[in-house]
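> Any chance you could fold what I've pasted below:
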Amino acid sequence: QIQYFKMAATTKKVVVFLLLVVAGAEALRSGAGIADVTGPVTEIPFMGYAFPNQTGEGLHYRLYARAFVFVDDAGNRFAYVSADICMGFYGIKMKVVEGLQAVFGDLYGHHNVMLSGTHTHSGPGALSWFLLYDISMLGRDKKHFDAVVQGVVLSIVRAHNNLSPTTTDIFMQQGLLYNASGNRSPSSYLANPQSERDFYARWGGDTDKNMTVLHLRNASGPTGSVAFFAVHGTSMHNSNRLVSGDNKGHASSIFEKNMNGNSSLLGRGPFVAAFGQSNEGDVTPNILGAWCYGRVGGIYCNDNRSLCDGKNEHCVSVGPAGFDDDYNSCRLIGERQAARAQALFASAPQQGVKIEGAVTTAFKWVNLSNITVSALYTSTGEVGHTCRPAVGDSFAAGTTDGPGAFNFYQGDNCSTCLPFWNFIKNFLKKPTKEQIACQAPKPILLDVGEIEPHPWVPSVLPLQLVKMGSFVIAAVPAEFTTMAGRRLRRTIEGVFAQHSQPVTVVIAGLANGYTQYVATFEEYQYQRYEAASTLYGPHTLAAYQQEFASLAEAIATGATVDPGSPAINLSYVNFHLQPGVVVDTHPAGESFGSVATDRPSNTYRGGDTVNVTFWGANLRNDYLQGSSYMEVQRLVGTAWVTVLDDANWETKVHWKRKDVSQSLITVEWNIAPGTQPGTYRLLHRGYAKPEPLSHKLVSYVGTSKSFDVTA
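Numbering: from 1, shown residues only. The predicted structure is shown next:
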């Protein structure tokens, strides 16, 4: 790699660079858009922890896709989307591109559309085409899948339609954010070379503390912001049952509310603030560390095995608000990201770097299971090779953010210590001697790339690199650890440096596809969760570095990239074992939307909570995208005006089944201090399925009695 960086630029490359300087930088235009991607908030398991019992019981706040379109003078364009979903599966990306091409023709394609998930672990799952990611979700939910696709497409369409007719000023600013992230596998990080760790000590040590913010504005003022910061969406642990965008979703809502005004409703724009995911593979928001039974100050368990009394289930990470207070921990991490992003955003026009220049993209499909890796990139200094995908025993151990079960633990390098699971492994697909040697020292739990009739994980994945002036985004279909992300960024920066093109590189994580984790070669030897989940063997990172170096070289020299053969399309594999809603009923004498339990008081003030329970229906009947299951309304004159809805942090919607087919819906408003005094009421709306043999849905609305909020 060092030799690669030191290669001399040719005379031709210098001439090209000088011509670009003489010609001047191209101006850019941008547009921002937002759309609802909230899916089923009841009964469907959440994606992220792979914990089947973590099924939805309502909604904390809505999920959104936030899109930004950039266009240069020549019409070259790029669409970046940060969506409040766990991963940007390539099945979703494929269908998004199809949807865009139905509207715009070939204007948008795989090469210039980037879909990144914020990695919330509090959103419904069942979105993948691959069994390993859907098995705990009971299969793929096509209705949910289609709703997410439609929402992402709509966000890009809105961003496209909001393109500024004149030049947009785009500024980049960077700064450090402390007290919002920590490393959940510090023993693995310590396996990396001392010199490398020393170099990054000033940038946060074992986590990337750097936040990169894009400031977008036109002649009328600010239009949007994109903040890249690496931290998991796991402030809410697997005990949570309410759908939310976790800390990044909350950060977005804070920023957008501040820019659009306190009277604005979330998700309506016009200012859009995305908090994009990056190399968060080993980064947790639970910054108090991992402790046995969550008792901070007791027995610390964030060592290589993360065991308490011999079991990994009891080693639990704790957020800044303390054990068993996930909501406030999520709030704090979201607030800290929002505050830092807003400060960087404000200083960007005066102190940041102006982004101007051509939009160039490079894209290709790569079979990550069959790459010969040059010694320039491997940590061994020898030619390496990637492997067919497999997960190790420690994959089943989970992490301190979400421990696994049975008798698995992190840091397991023993291939013979679990005879029962070895039997199960061999029953599904016995690894060959070549596969075992290739993946070593990983003890293979599941040889997921070779299980018939369909592979459980993908092998062919999309790799994408986008350059806008001096700003570069690398879209990776995985979760890179802190050091893995740093090495990839340095590789890409090094290629452009050879061509006298200084750039700033950010990583868009969980983008355009998903293949679990990417650890460094040194971290791989320790086989904690992130390493056991590095699918393609110890040289996975080196393969990524090699492939992205070729994309960077193509952009820097203007070369054409062969996109290769697309990944397998498994959209025809449809199975979902979760039964649909059969019928909704209500007690005799009641109706859908009637109040079961009204608010207990006539007067409230800031800091109080109002709860009203309605006889309703299963919220899975209709996701109400672009609408709301609840509203807080204030009486203005003779009219009821909506001031908050279910997109807000202060509101919650709880669903509870009663008997076989009845539903109780409790809407909750935590009244913020400083709320305008006045007369208020709570509203609930939904759709019911009153006939079991019909698909017909009937809308309903219910309201509480009015109450007063005083100063």
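> What ranges in the protein fall below the confidence cut-off?
1-25, 406, 413-427 (pLDDT under 70).
> can you list the residues that contact whatever helix or strand residue 134 lives in?
According to DSSP states H and E, residue 134 maps onto helix 131-134. Helix 131-134 has contacts (C-beta atoms under 8 Å, 6 or more residues apart in numbering) with 47, 87, 89, 125-128, 140, 391, 446, 448, 451, 454, 456-457, 514. Every residue, glycine included, has its C-beta placed from N, CA and C.
> can you give me the strands in the stretch 351-500 of the chain?
Under the criterion DSSP state E, counting those that start in this stretch, strands of the stretch 351-500 of the chain are mapped to 353-354, 359-367, 372-373, 384-385, 391-392, 444-446, 460-468, 471-475, 479-480.
> quick one, which of those strands is packed in tightest?
Among the strands of the stretch 351-500 of the chain, the stretch with the highest mean neighbour count (mean count of other C-beta atoms under 10 Å) is strand 479-480, at a mean of 30.
> and that strand, which strands flank it?
strand 517-518 (parallel) (DSSP bridges).
> Check the offset of the strand it pairs with from the chain's centre.
Strand 517-518 sits 15 Å away from the centroid of its parent chain (C-alpha atoms, centre = their mean, to the nearest Å).
> Quick one: name whatever helix or strand follows that strand.
helix 521-524.
> Give me the distance from that next one to the chain's centre.
How far helix 521-524 lies from its chain's middle: 24 Å, per C-alpha atoms, centre = their mean.
> Kindly report the same for stretch 113-129.
The answer for stretch 113-129 is 6 Å, by C-alpha atoms, centre = their mean.
> circling back: if you rank the contacts of helix 131-134 by neighbours, which is first?
residue 87 (30 neighbours; other C-beta atoms under 10 Å).
> Was I right to think it contacts residue 47?
Yes: counting by C-beta atoms under 8 Å, residue 47 is a contact partner of residue 87 at 7.5 Å.
> Overlap in contacts, these two.
127, 133.
> Please produce a markdown table containing the strands of the stretch 351-500 of the chain, extended by distance to residue 324.
Listed next are the strands of the stretch 351-500 of the chain as a markdown table, based on distance: least, C-beta to C-beta, whole Å:
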| stretch | distance to residue 324 |
| --- | --- |
| strand 353-354 | 43 |
| strand 359-367 | 44 |
| strand 372-373 | 45 |
| strand 384-385 | 45 |
| strand 391-392 | 31 |
| strand 444-446 | 31 |
| strand 460-468 | 38 |
| strand 471-475 | 37 |
| strand 479-480 | 26 |
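> Name the nearest residue to the residue nearest in space to the middle of the chain, sequence neighbours excluded.
The residue lying closest to the centre of the chain (C-alpha atoms, centre = their mean) is residue 118, at 2.0 Å. Closest residue in space to residue 118, ignoring its immediate chain neighbours: residue 248 at 4.4 Å, by C-beta to C-beta, 6 or more residues apart in numbering.
> Quick check: the gap between that neighbour and residue 338.
10 Å (C-beta to C-beta, to the nearest Å).
> Between the two, point out the one with more neighbours.
Using other C-beta under 10 Å as the criterion, residue 248 and residue 338 rank with residue 248 on top: 31 against 24.
> these two touch, right, that one and residue 117?
No: using C-beta under 8 Å, residue 248 is not in contact with residue 117; the gap is 9.9 Å.
> which residues are in contact with both of these two?
Counting by C-beta under 8 Å, 6+ apart, the residues touching both residue 248 and residue 117 are 84, 277.
> is the closest residue to residue 442 other than its chain neighbours in a bridge, and if so with what?
Distances taken as C-beta to C-beta, 6+ apart place residue 392 nearest to residue 442, at 4.0 Å, with adjacent residues excluded. Residue 392 has these beta-bridge partners by DSSP bridges: residue 444.
> To residue 574, which of the strands of the stretch 351-500 of the chain lies closest?
The closest of these to residue 574 is strand 460-468. By C-beta to C-beta, the value is 21.0 Å.
> Which strands or helices does that closest one pack on?
When contacts are defined as 3 or more C-beta pairs under 8 Å, 6 or more residues apart in numbering; DSSP states H and E, strand 460-468 packs onto strand 77-83, helix 90-104, strand 359-367, strand 471-475, helix 540-557.
> which helices and strands does the host helix or strand of the residue nearest to residue 118 pack with?
Residue 248 is part of helix 246-260, with elements assigned from DSSP H and E. Under the contact definition 3+ C-beta pairs under 8 Å, 6+ apart, helix 246-260 sits against strand 64-72, strand 221-228, strand 272-276, helix 326-351.
> Which strands or helices does the shortest one pack on?
It refers to strand 272-276. strand 28-36, strand 64-72, strand 77-83, strand 221-228, helix 246-260, helix 326-351.
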